[in-house]
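Here's a sequence, model it:
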Amino acid sequence: MKFPLLSLAAGGFAIGMAEFMLMGVLPNIAQSQGVSIPAAGHLISGYALGVVIGAPLLVALADRYPPRNILVALMVMFGLFNALFALAPTYELMFVARLFSGLPHGAFFGVGAVVAGQLAGRGKEGQAMALMFSGLTVANIVGVPLGTWIGHVLSWRLSFVGIALVALLAAWCIRRWLPQLPPSPAAHLTDSLRSFLRPRFWFIVGASAIGTGGIYAWISYIAPMMTEVAGVDPASVSLVMVLAGTGMALGNYLGGRLTDRVSPLRATRQLLLAMAVVSVLVALTAPSKPLALVMAFVTGAVSFAVIAPLQVLMIDNAEGSKMLASAMIQSTSNIGNALGAYLGGLTIAAGWGYTSPQYVGAALALTGALCCLGIKRAGPRPPSAAGG
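Residues are numbered from 1 along each chain as shown. Sure thing, here's the model as predicted:
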C-alpha cells in the first residue's frame, strides 16, 4: 500500500509547493510587478477560486474514467499552468494562469482521497489520507523553503518552473505505482445530489468553507508579518517556512490518528477551536521574534491537523458520488483560502497592521467550530456514514 500512497503524496508535494510557496515570495512578486502586497495577495484568492471551480467540475466530467488516468491527467494539467504562471509577463496574465493552475488541485485530492481510503480499508482511512496529504507537509518543510530561497536570491519565476517539473515527475510516479482501479459505479444525478439537500451537508460545508479561513489568514501574510513585525531578516523567511512546515507535518500525522480514534466530527470541532485560540496568540506574540518562531511551528501543526478529519467527515456523509463529495471539501476549503486571504488583505489595506489578519482568522475558525455543533443537530447521518 505504501508505494501507491507515496505516488499520491508526490502529487501533493507539487501542489503544496504551488499553493504555499507564493506566500513566501509574495513581496518579491509584488515588487517585480509594481503592485501592493494586498494586490499580490489576490493571486492567492485567484488560485483558491480555481480550486472552487475545478474540484466539482473536473471530477463530475472525469468520474467515468479509471482513477489513475484522472490523477495523471490532473498532474500534467497542473504542471502546464504553473509553467505558464512562471512565464507570464504581466500581472493580469499571471492572475489568469494562477486561477487555471488551481483547477486540478481540488479534483486531484478529491479523487486521491477516495483512492487512499479504498487502498487502506475500513478504520484506517484517516491515516491513509494523512499519508497522502503528507506530500503537502513535506513540501512545506523542503520544497516551499527551497523555492522561497530561490525566489529571494535568484527569481521567483525559477521557483515556479521547478514546480512544473515536480508535477510532471509526480504524474510519472502515479502512472508507475498506482494500481488501475475500476471507475466509480455510475450514479444517477439525483443520487449524487441527495447529500446536497441535507442540512447536515451544509453545516459540513460551512465548517470547511469558513473554518479553514483561519489557516489562510495566517499563512497568506506570514512573510510580511515576520519581516515587518517580528523583525526576521527577509533572507531568513525560508527558515520560518521550514518551521511552519515541520509543524504541518506533525499536525497532519496527529490529525489522521485523532480522526481514527475519536471520530472525524469531534476531531474537526476540537481542532477548529484550537485554531481560533492559536490565531489570537500569533497576533499577540508577533512582536517577539522567539515567540513568533515558536508560534509558526505551533500554528502549522494545528492548521494541518484539521485536513484529514474534514476529508473523512465529508466522504462519510456522501450518499452518491464519494469522489464528488471528496472534491467538494477541497472546493469549500479553498473558499476559506479565498476568504482568509481577501479579508486579511482588507485589514492590512485599512492600516490595521500585519497582525490584523490573525483576528480575522480567529473569527473564521470559531465560526467553523460552531458549524460543527450544527452538524449533530441537523438530522441523522446517511446509513453509510461512520461515527461522528
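
only C-alpha atoms for contact and neighbour calcs from this point on.
Fine.

just for the stretch 251-388 of the chain, where's the confidence low?
Within the stretch 251-388 of the chain, the ranges that satisfy pLDDT under 70 run 318-323, 325-326, 378-388.

show me where it has strands.
With DSSP state E, counting those that start in this stretch as the criterion, the stretch 251-388 of the chain has no strands.

Using PDB, write out every CA atom in the one helix or strand residue 8 maps to.
Following DSSP states H and E, one finds residue 8 within helix 2-24. In PDB, the C-alpha atoms belonging to helix 2-24 read as follows (Å, rounded to 0.1, in the frame of the first residue of the first chain):
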ATOM      1  CA  LYS A   2       2.900   2.400   0.700                       C
ATOM      2  CA  PHE A   3       4.100   3.000  -2.900                       C
ATOM      3  CA  PRO A   4       0.600   3.800  -4.300                       C
ATOM      4  CA  LEU A   5       0.000   6.200  -1.400                       C
ATOM      5  CA  LEU A   6       3.500   7.700  -1.800                       C
ATOM      6  CA  SER A   7       2.800   8.400  -5.500                       C
ATOM      7  CA  LEU A   8      -0.300  10.400  -4.400                       C
ATOM      8  CA  ALA A   9       1.900  12.100  -1.900                       C
ATOM      9  CA  ALA A  10       4.200  13.100  -4.700                       C
ATOM     10  CA  GLY A  11       1.300  14.900  -6.400                       C
ATOM     11  CA  GLY A  12       0.500  16.500  -3.000                       C
ATOM     12  CA  PHE A  13       4.200  17.700  -2.800                       C
ATOM     13  CA  ALA A  14       3.800  19.600  -6.200                       C
ATOM     14  CA  ILE A  15       0.500  21.100  -5.100                       C
ATOM     15  CA  GLY A  16       1.800  22.100  -1.700                       C
ATOM     16  CA  MET A  17       4.800  23.900  -3.300                       C
ATOM     17  CA  ALA A  18       2.500  25.800  -5.600                       C
ATOM     18  CA  GLU A  19      -0.100  26.700  -3.000                       C
ATOM     19  CA  PHE A  20       2.200  27.800  -0.100                       C
ATOM     20  CA  MET A  21       5.400  29.000  -1.800                       C
ATOM     21  CA  LEU A  22       3.500  32.000  -3.200                       C
ATOM     22  CA  MET A  23       3.100  33.300   0.400                       C
ATOM     23  CA  GLY A  24       6.900  33.200   0.900                       C
END
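
What residues sit buried inside stretch 363-383?
Neighbour counts over stretch 363-383 (16 or more other Cα atoms under 10 Å) mark 363-372, 374-375, 381 as buried.

average model confidence for stretch 30-41?
Here stretch 30-41 scores 78 as its mean pLDDT.

In that stretch, which residues are buried?
30, 37, 38, 39, 40, 41.

What about those residues, which are in strands?
Using DSSP state E, no member of the buried residues of stretch 30-41 sits in strands.

Output these as TSV; include the columns distance to residue 263.
Listed next are these as TSV, based on distance: Cα to Cα, whole Å:
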residue	distance to residue 263
30	43
37	40
38	38
39	40
40	39
41	35
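
Following the chain onward from the helix or strand hosting residue 92, which element is next?
Per DSSP H and E: residue 92 is located in helix 91-120. Later in the chain than helix 91-120, the nearest helix or strand by DSSP H and E is helix 125-138.

That next one to helix 2-24, inter-axis angle?
For helix 125-138 against helix 2-24, the angle by axes from the mean of the first three to the mean of the last three Cα atoms, to 10 degrees is 50 degrees.

buried sites along whichever helix or strand comes after helix 125-138?
Following helix 125-138 in sequence order, the next helix or strand is helix 144-153 (DSSP H and E). Under the neighbour-count criterion of 16+ other Cα under 10 Å, helix 144-153 has 144, 145, 146, 147, 148, 149, 150, 151, 152 buried.

So the closest residue to residue 228 other than its chain neighbours versus residue 62, what's the distance?
When the adjacent residues along the chain are set aside, residue 228 lies closest to residue 354, with 7.6 Å between them (Cα to Cα, 6 or more residues apart in numbering). Look at residue 354 and residue 62: by Cα to Cα, to the nearest Å, they are 42 Å apart.

try residue 303
From residue 303 to residue 62 the distance is 30 Å (Cα to Cα).
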